[in-house]
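>>> Need the 3D shape of this:
(one chain, ligands or ions: 1)
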Amino acid sequence: MKIILCSIAILLASILNCNSQTSLVAKKGTDKKWWKEAVVYQIYPRSFKDSDGDGIGDLRGIISKLDYIKSLGVNTIWLNPIYSSPNDDNGYDVSDYRNIMKDFGTMADFDLLLKGLHERGIKLVMDFVLNHSSDEHEWFKQSKSSRTSPYRNYYHWWDAERVKPNYRYSLFDVNHDAWKYDSVTNAYYLHYFSKKQPDLNWENPKVRKEIYDIMKFWADKGIDGYRLDAFQFASKDTSFPAFPTGFENNFVPYYAMGPHLHDYLKEMNQEVFSKYDVMTVAEGAGNNYQDAHDLVDADRNELNMAYAFDAIDLAKMEGYDFIKFKETFSKWDSVFANKGWLSIFLASHDQARIVNRFGNASPEFRELSSKMLSTFLLTMRGTPFIYNGDELGMTNAGFEKITDYRDMSTLNEYQYQLNHGGDINQFMKRIQFECRDNGRTPFQWDDSKNAGFSTGTPWIQVNTNFKYINRAEQEMNQQSVLNYFRKATDLRQKNPALIYGKYTLLDKSNHDVYAYLREFEGKKFLVLLNFSSHQAKPNLKMNFARSKVVLANYPNPSSNGVLAPYESIVYQLN
Ligand code: GLC
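Okay, the predicted model is just below:
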């Protein structure tokens, strides 16, 4: 999955001196906004809760769990796509943007869900897949029917009698080829993702108008925000010039932030966002800090925030560079300290489980390290995004057989490896660690059949550890990962310093401990996180031993300055 998901990784090509730029500007980072105060809980609907026994999670399932969601202390939900879709890529291939996927329910269910969320003071952010549609969308069906179709220019076509188009790498294609030949009109169409996800032609003003109308349709229903899926790839140089050989190994600089991307976002803002009180977040933050800044600079009227992948992508099967991890978060923080805003996240439906990648999933340390990671996510500056199941410390399923995997991109990559003499054992090891199906197994509600997710056969197997990792068990245990998570969200919501406060990295060369301060309006917090499985001592030139501990993952937090394995402590210093 690395192949795919490093894909979306952001490569920091240049480090621009944004600090000097931003110091001229008033403290815009502390302008209060609801979306800065949001704790976003991402729900993967297919795997959250099945209400009708077909083995697929659905909207009524989510509705039945609204009180649970509320109890987490989160105040915003991000739902992965729920629109009509043939599900080549689990909803990221939309065939009708104004309808609900049959597996998930009906528009009446959606209206009920939105009402239930709003009644509980929870906002809803929807996922908008705008770089591509499904090949089963009416636009594409028309587009491919004839070269003279009024929909022809909704997509990128290349007539076959011309010289072959320059190679474009496809992230999900079984041959890695983004040009797919179609005999109906003797032409190739472009698909950066799978062949069932043709790229929309954003140069066409009609396409843009259609999309803005769709976005308004949902805003008029009352949704509170938009996550723009893969949008940094939407603008392309449509002459499709040749790229250097091997560009596919590092394709983001070639694909992201095309010539008109900012124009499209400005137009989208004017046509849609400016008319509603919505949160807007882009997947991907461009190729460098300046790109990211330009996307979210409030004065430019584009987006509210973006999320970058460079910290997330550090996680490797062999481990990760912890110093780099701290540096990456710290650098991103500094760039947005005065202006603009970021998201803080370590997992989504596109990654394996957080505890396997950044913590320790062994029985000894799973709970401690999960709590430590929740502490991190909920005490950094930036809007935290929490992926469902991480509040329980759910782990990778690590399926051993390829037939247990469901993710199309993994299955295509498996085929590619087979066709090209790849090392299949190595490939299987890699996907056990990093395939995104690891994060997509059914939510573990209790220890009954199928973890209480479904009475039918789940679309993907339940992780066998549901007998002891499940919500019901954790509700009964005051010390559970779940109850700790609730304390952490509560602490954040009650303390603006943890939302808006200045972040200062301490003891930056410490190989085990992440230590930082958060300060705002006279309040100061010290966060100490031991990311290692051994004792570790932060080297701090301050006396905090007598300070008040406001959150800790050990019943008796360390008081001698030495942190126990995966220990996390938050002190209030004044
Ligand atoms: C984004 C989504 C991912 C999807 C891809 C294609 O990266 O997060 O799940 O497969 O876009 O739409």
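>>> Could you write out the alpha-carbon coordinates of stretch 397-417 in PDB?
Output of stretch 397-417 as PDB, limited to C-alpha atoms (Å, rounded to 0.1, in the frame of the first residue of the first chain):
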ATOM      1  CA  ALA A 397      -5.600  -7.500  11.200                       C
ATOM      2  CA  GLY A 398      -2.500  -8.500   9.200                       C
ATOM      3  CA  PHE A 399      -4.300 -11.000   7.000                       C
ATOM      4  CA  GLU A 400      -2.000 -13.700   5.700                       C
ATOM      5  CA  LYS A 401      -3.900 -14.700   2.600                       C
ATOM      6  CA  ILE A 402      -4.300 -12.400  -0.300                       C
ATOM      7  CA  THR A 403      -7.900 -13.600  -0.700                       C
ATOM      8  CA  ASP A 404      -8.700 -12.000   2.700                       C
ATOM      9  CA  TYR A 405      -7.900  -8.600   1.300                       C
ATOM     10  CA  ARG A 406     -10.600  -6.400  -0.200                       C
ATOM     11  CA  ASP A 407      -8.800  -3.200  -1.200                       C
ATOM     12  CA  MET A 408      -8.800  -3.000  -5.000                       C
ATOM     13  CA  SER A 409      -5.500  -1.200  -5.100                       C
ATOM     14  CA  THR A 410      -3.800  -3.900  -3.100                       C
ATOM     15  CA  LEU A 411      -5.200  -6.600  -5.200                       C
ATOM     16  CA  ASN A 412      -4.100  -4.900  -8.400                       C
ATOM     17  CA  GLU A 413      -0.700  -4.300  -7.000                       C
ATOM     18  CA  TYR A 414      -0.500  -8.000  -6.100                       C
ATOM     19  CA  GLN A 415      -1.300  -8.900  -9.700                       C
ATOM     20  CA  TYR A 416       1.300  -6.400 -10.900                       C
ATOM     21  CA  GLN A 417       3.900  -8.000  -8.700                       C
END
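>>> Now do it: distance to the chain's middle.
Here the centre of stretch 397-417 is set off from its chain's centre by 21 Å, with Cα atoms, centre = their mean, to the nearest Å.
>>> now swap in stretch 66-82 and tell me
In this view, stretch 66-82 has its centroid 15 Å away from the chain centroid, taken as Cα atoms, centre = their mean.
>>> Quote the end-to-end distance of that stretch.
17 Å (Cα to Cα, to the nearest Å).
>>> wait, does that stretch contact the ligand?
No: Stretch 66-82 is not in contact with the ligand by Cβ under 6 Å from any ligand atom; minimum separation 7.4 Å. (C-beta placed from N, C-alpha, C; glycine too.)
>>> Ok, stretch 219-235 next?
Yes: contact between stretch 219-235 and the ligand is present through 229, 230 (criterion: Cβ under 6 Å from any ligand atom).
>>> Show me what counts as buried in that stretch.
For stretch 219-235, a neighbour-count test (16 or more other Cβ atoms under 10 Å) marks 219, 223-235 as buried.
>>> Which phi and psi values does the closest residue to residue 442 other than its chain neighbours adopt?
Spatial nearest neighbour of residue 442, excluding adjacent residues (Cβ to Cβ, 6 or more residues apart in numbering): residue 453 at 3.7 Å. Dihedral pair for residue 453: phi -80, psi -40, per degrees, to the nearest 10.
>>> Residue 453 contacts residue 57, doesn't it?
Yes: with contacts counted by Cβ atoms under 8 Å, residue 453 reaches residue 57, the gap being 7.2 Å.
>>> so what's in contact with these two at the same time?
Common contacts of residue 453 and residue 57 (Cβ atoms under 8 Å, 6 or more residues apart in numbering): 47, 48, 49, 50, 442, 443.
>>> Out of these, which two sit at the greatest distance?
Across the shared contacts of residue 453 and residue 57, the longest distance by Cβ to Cβ is 9.8 Å; it joins 50 and 443.
>>> For these two, list the residues in contact with both.
57, 453.
>>> Contact partners for residue 563?
For residue 563, the contact set (Cβ under 8 Å, 6+ apart) comprises 512, 513, 528, 530, 535, 536, 537, 538, 569.
>>> The fourth one: neighbouring residues, count only.
Spelled out, it's residue 530. Neighbours of residue 530 under the rule other Cβ atoms under 10 Å: 28.
>>> Relative to the ligand, how far out is it?
Using Cβ to the nearest ligand atom, to the nearest Å, we find residue 530 at a distance of 31 Å from the ligand.
>>> if I pick that residue, what's in contact with it?
By Cβ under 8 Å, 6+ apart, residue 530 lies in contact with 372, 512, 513, 536, 563, 564, 565, 566, 567, 568.
>>> ok, of those, which one's closest to residue 83?
For these, the nearest to residue 83 is residue 372 (36.8 Å; Cβ to Cβ).
>>> Please, where are all the helices along the stretch 351-500 of the chain?
Assigned helices in the stretch 351-500 of the chain, in chain order: 354-358, 366-379, 408-419, 424-434, 471-475, 481-494, 496-500 (criterion: DSSP state H, counting those that start in this stretch).
>>> Any idea how far the second one is from the middle of the chain?
On the basis of Cα atoms, centre = their mean, helix 366-379 is displaced by 18 Å from the centre of the chain it belongs to.
>>> Now do it and helix 481-494, the angle between them.
For helix 366-379 against helix 481-494, the angle by axes from the mean of the first three to the mean of the last three Cα atoms, to 10 degrees is 10 degrees.
>>> buried residues in helix 366-379?
366-379.
>>> what's the closest non-adjacent residue to the residue in the stretch 401-550 of the chain that the ligand sits nearest to?
Nearest residue of the stretch 401-550 of the chain to the ligand, counting by Cβ to the nearest ligand atom: residue 409, 6.7 Å away. What sits nearest to residue 409 in space, not counting adjacent residues and going by Cβ to Cβ, 6+ apart, is residue 172, at 4.2 Å.
>>> Checking the residue in the chain that the ligand sits nearest to next. Helix, strand or coil?
At 3.3 Å from the ligand, residue 92 is the closest residue in the chain, using Cβ to the nearest ligand atom. The three-state assignment at residue 92 reads coil, by DSSP: H, G, I helix; E, B strand; the rest coil.
>>> Which residue is the nearest non-sequential neighbour of it?
The shortest distance from residue 92 to any non-neighbouring residue, by Cβ to Cβ, 6+ apart, is to residue 129 (5.3 Å).
>>> Can you report how many residues lie near that neighbour?
Using other Cβ under 10 Å, residue 129 has 25 other residues around it.
>>> cool, residue 517 as well?
19.
>>> Need the per-residue pLDDT for it.
The confidence metric pLDDT takes the value 98 at residue 517.
>>> In a strand, it, correct?
Yes: counting by three-state DSSP, residue 517 is found in a strand.
>>> where's it relative to residue 383, distance?
Relative to residue 383, residue 517 is positioned 20 Å away (Cβ to Cβ, to the nearest Å).
>>> With residue 355 instead?
Taking Cβ to Cβ, one finds residue 355 at 22 Å from residue 383.
>>> The two: which is more packed in?
Under the criterion of other Cβ under 10 Å, the comparison of residue 355 against residue 383 puts residue 355 first, with 28 against 24.
>>> Tell me which residues touch that one, please.
361, 366, 369, 370, 373, 390, 393, 394, 395.
>>> Not counting sequence-adjacent ones, nearest residue to the first one?
Across the structure, with Cβ to Cβ, 6+ apart as the measure, the residue nearest residue 361 apart from its sequence neighbours is residue 395 (4.5 Å).
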